[in-house]
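Q: This is a predicted model, with the sequence first.
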Amino acid sequence: MRAADVRLNCTRIMGALSIPRIAFINLLRRPTRSVALAAIVAVSSIFLFSGTFLDTTLADSLADLSGRLGADALIVPQGYENSTQSILLRGDPGMFYMSAEILSLIATDVPGIARITPQFFLSTFDADCCDAKVQVIGFDPATDFLVTPWAIKKEQVATVTNGEIVVGARITAEPGETLLFYAHRYRVKAKLHPTGLGLDTSILMPMSGVYDIIRRTPNLLPALASNPGGYLSAIAIKAAAGYSPYNITTEILKRYRTSYAIQAVETARLVSDISNHLKRISLLSHFAAVVFWLLAALVLAFAFTLTLNERKRELSLLRILGAPRRWVLRLVTTEGMVISVFGALAGIGFAVLVLTLFSPLICATIVLPNLTLPLRAVLSNVPVTLIPAIASGTLAGAWAARRITRFDVYDTFRVGE
Amino acid sequence: MKTSLILLSSAAILCATPRWLFPICGVVAMDCHRTLVAETWLAAALAAVAGLRLVWHPVAHLLLPIAVLVALFPLFITGVCPGRNSPCHLGTQPALIVLAVLLLCVYAATLIGSANARSRRSPELH
């Protein structure tokens, strides 16, 4: 045999006996044990990833919430502040009203208002677009500054007439189609861009359209049926430059709170309320993630020690055949690392799948605006989970291997006999 | 035996998902109710595969079409209610997709297990 062939054969043998290859074969030979260990890493990764991901993504989606809402403050009937928040942020159907007189009073008497527009909230009972209740929002196209900026074609919203509607991004209807509700067919005039707010699942129509519904359906709001035009649900206000929304709402409440039973909702404060709510959830998820990570590291160290106890004879045999202690340590550590990598990747993949699919349900449960999962946020959170998950598995393997290989090789080999 | 037990548990979870875990809207005329009926039949098929696997291993290959159908029924074939805030849209559909993915993982694990068993029966000699 030529020297080159001998060298080639040696390279092949060394390749076949490389630590990663032997580690892979060991893991594949015991699939149940390997899957069980990887599952422990996967569970801790799911908690770690979900915690950090929800934290960053929700913080991102809240950052421009105030801007997306469009108004600096809303004037609503007393006791309906929370309902307003649900309608605006999540599109939860709600219906309330107050006297429309207040709109002209505020517009003329209160200084510092740049723009002011009324809205009427009504909820459907059945519609062929939707199998559940849908929020219908009446708006005034002439003065509106909340809906129009989101329209795919803005001029279509400005010219929407009675009998026509504008639909949110998540309503299953396109411009030109008709939708039936309150026994009347409405033509879809325009569709909105996704807002991440309640507008996504709302149907919008001019105030006159809403008043027609109330007149046609006297049982819906009997008190309003004779003169629906004298009522509205909310007044959105945009402060002029140099004026603070707080001062404007204080002035409005000072003048009209008692006589008209109204309350003010400042959007900035609404965002800070959600932020505080989010902080509590974030703290809880971080706590759960850290606890699960520590628990997973402990369980892994324990599981590795148990499995290596079973493999004492196998490892001792390797030592007797000439493998140095360091080589055995590296083998077991590599096994731990491979298990951790697969477990962590599987956990992250599962967490992304669940978060993507269940994000609307999560938002509905924790009363927050619609959650989005941008790829950038997913990718930036992967290392935050991968590094501790892999480290815990690898260190647990190394720790267990050090303990097992500390004893005398011959005695260890004889123990199993 | 282990795989059969896992498949039987999966069948039970599949049956329970649209009924109790993530219940559908609850009206018989709706699309989601047709999905519930279809998923119940798929759960029955899964249970049958779990039983048959004890005596005939290749029947596990039926897991692949079953897993695919578990996801296709709520997504395309029968679908769920179009209302984005309806319980079947928010909960049932995502849960069934996650279950389908888990069933695919079980199928992949079964394939790896079978390949391992074959290699043990005829070990390679280097």
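A: Now that the structure is in, tell me what you want to look at.
Q: When you work out contacts or count neighbours from here on, use the C-alpha atoms and nothing else.
A: Fine.
Q: Pass me the low-pLDDT residue ranges in chain B, would you?
A: Applying pLDDT under 70 to chain B flags residues B:27, B:120-126.
Q: Can you give me every residue that contacts the residue nearest the centre of it?
A: In chain B, the centroid-proximal residue (CA atoms, centre = their mean) is B:Ala67; its distance is 4.5 Å. Going by CA atoms under 8 Å, 6 or more residues apart in numbering or on different chains, B:Ala67 touches B:99-101, B:103-104.
Q: C-terminal to the helix or strand in which it is found, what's the next element?
A: Assigned by DSSP states H and E, B:Ala67 belongs to helix B:63-72. The helix or strand immediately downstream of helix B:63-72 is helix B:87, counting by DSSP H and E.
Q: The helix or strand just after that following helix vs helix B:63-72, what angle?
A: Tracing the chain past helix B:87, the next element assigned as helix or strand by DSSP H and E is helix B:93-121. On the basis of axes from the mean of the first three to the mean of the last three CA atoms, to 10 degrees, helix B:93-121 is oriented at 170 degrees to helix B:63-72.
Q: is chain A contacted by helix B:93-121?
A: Yes. Applying CA under 8 Å from any CA of the partner chain, one finds helix B:93-121 touching chain A at B:94, B:98, B:113, B:116.
Q: Out of those residues, which end up buried?
A: Buried by 16 or more other CA atoms under 10 Å in any protein chain shown: B:94, B:98, B:113, B:116, out of those.
Q: Name the nearest of the residues you listed relative to chain A.
A: Closest to chain A out of these is B:Pro94 (5.2 Å), distances taken as CA to the nearest CA.
Q: and that closest one, what does it touch?
A: Applying CA under 8 Å, 6+ apart, the residues near B:Pro94 are A:354, A:357-358.
Q: Recalculate using a threshold of 7 Å.
A: Contact partners of B:Pro94, counting by CA atoms under 7 Å, 6 or more residues apart in numbering or on different chains, are A:357-358.
Q: before we move on, what about A:Tyr231?
A: Contacts of A:Tyr231 (CA under 7 Å, 6+ apart): A:97-100.
Q: In those, find the pair that's most separated.
A: Within the contacts of A:Tyr231, two members stand farthest from each other by CA to CA: A:Tyr97 and A:Ala100, at 8.8 Å.
Q: what is in contact with the two at once?
A: Listed contacts common to A:Tyr97 and A:Ala100 are A:231-232; contacts here mean CA under 7 Å, 6+ apart.
Q: So B:Gly26: helix, strand or coil?
A: Using DSSP: H, G, I helix; E, B strand; the rest coil, the secondary structure recorded for B:Gly26 is coil.
Q: Can you give me the neighbour number for it?
A: As a burial measure, B:Gly26 scores 14 neighbours (other CA atoms under 10 Å in any protein chain shown).
Q: what's the closest non-adjacent residue to it?
A: Nearest non-adjacent residue to B:Gly26, counting by CA to CA, 6 or more residues apart in numbering or on different chains: B:His33, 7.0 Å away.
Q: Please apply the same query to A:Gly163.
A: A:Tyr186 (5.2 Å).
Q: That neighbour should be in a helix, yeah?
A: No. Using three-state DSSP, the assignment for A:Tyr186 is strand, not a helix.
Q: Number of residues surrounding it?
A: Other residues near A:Tyr186 come to 20 when the count uses other CA under 10 Å.
Q: swap in B:Trp20?
A: 11.
Q: ok, now A:Leu27?
A: A:Leu27: 18 neighbours (other CA under 10 Å).
Q: Mind jotting down where the helices sit in chain A?
A: Per DSSP state H, chain A carries helices over the ranges A:3-16, A:19-29, A:31-63, A:65-69, A:81-90, A:101-109, A:154-158, A:207-216, A:245-260, A:267-310, A:312-320, A:325-365, A:375-404, A:409-415.
Q: Against A:Val210, how distant is the closest residue to A:Val290 other than its chain neighbours?
A: Of all residues not flanking A:Val290 in the chain, A:Leu48 sits nearest, at 7.3 Å (CA to CA, 6+ apart). A:Leu48 is 48 Å from A:Val210, where distance means CA to CA, to the nearest Å.
Q: Neighbour count for the two, which is higher?
A: Neighbour comparison, A:Leu48 and A:Val210: the larger count goes to A:Leu48, with 31 against 25 (by other CA under 10 Å).
Q: Now do the contacts for A:Ala398.
A: A:329, A:332-333.
Q: Now that the residue nearest to A:Val290 has come up, it's in contact with A:Ala289, right?
A: Yes. The criterion here is CA atoms under 7 Å, and A:Leu48 meets it with A:Ala289 at 4.7 Å.
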